[in-house]
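A.B. asks: Let me see the structure of the following:
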Amino acid sequence: MPRVRQIGIVVKDIEKTIDYYERVLGIGPWARFKGEPTWCYMGEEEVALKGRMAMAQSGRVQLELIQMLEGTTIYDDMPSEEGIHHLGFFVRDFDERMKAARAAGIEVLTHGLLEQAGLRIEYAYLDTTEQGGVITEYIQSTFLGLPFPMTWGWLTRLGAWMGDKLNR
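C.D. replies: Numbers count the residues shown, from 1 in each chain. Sure thing, here's the model as predicted:
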């Protein structure tokens with residue numbers, strides 16, 4: 001496995017949470033995104049979702065804040081309305097990792113695709129809560145068909161290019 005590169009946190013109010021992380025913890029700037037997946041499956045059922053995400057780097061780990069606006073999601077099953085949801089791994093061999101997870105009997109909770117302006121992010125949440133206490137996410141990103149590193153420098157530029165407002 002590659003190193004953990006992302007910690008996903010579900011929040012009720014993304015702007016309030018960003019303010020806290022910036023003001024109190026000094027984490028930022030944040031790249032903000034709003035939208036809905038091109039497609040998303042929970043198990044075998046296709047679902048429609050809308051939400052907001054914000055990402056910032058803290059050392060080598062990306063913090064991802066997630067606020068759902070519409071739709072039934074796996075976030076609804078969390079013990080509380082907010083909190084750490086997943087550990088994310090940026091992978092280049094998404095299909096192979098998915099085959100290995102299924103072969104190991106690991107349930108795929110959600111599998112989706114986000115596409116916007118040439119950026120393509122395929123992701124899957126795997127039910128590893130019993131084994132590891134938290135959901136595992138595989139994330140593979142490409143831009144115009146080429147591997148795209150979800151590092152802060154690139155993410156900042158992409159967020160700005162897509163009309164994102166960044167706080168400094």
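A.B. asks: Going by residue numbers, what spans are helices in this structure?
C.D. replies: 14-23, 94-103, 129-132, 152-161 (DSSP state H).
A.B. asks: Mean neighbour count added to those helices, as CSV?
C.D. replies: For the C-beta atoms, the positions are set from N, CA and C on the backbone; glycine is no exception. Below are the helices of the chain laid out as CSV (neighbours: other Cβ atoms under 10 Å):
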stretch, mean neighbour count
helix 14-23, 15
helix 94-103, 14
helix 129-132, 10
helix 152-161, 16
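A.B. asks: So the residue sitting furthest away from the middle of the chain versus Glu96, what's the distance?
C.D. replies: For the chain, the C-alpha farthest from the mean C-alpha position belongs to Ala103; by Cα atoms, centre = their mean, that distance is 23.9 Å. Per Cβ to Cβ, to the nearest Å, Ala103 is found 11 Å from Glu96.
A.B. asks: Quick one: low-confidence residue ranges for this protein.
C.D. replies: Across the chain, the ranges flagged by pLDDT under 70 are 79, 149-168.
A.B. asks: Would you map the strands across it?
C.D. replies: For the chain, the strands defined by DSSP state E cover 6-10, 31-35, 39-42, 45-46, 50-58, 61-70, 83-90, 108-116, 119-126, 135-143, 146-147.
A.B. asks: list the buried ones in the third one?
C.D. replies: Of the residues in strand 39-42, those buried by neighbour count under the rule 16 or more other Cβ atoms under 10 Å are 40-42.
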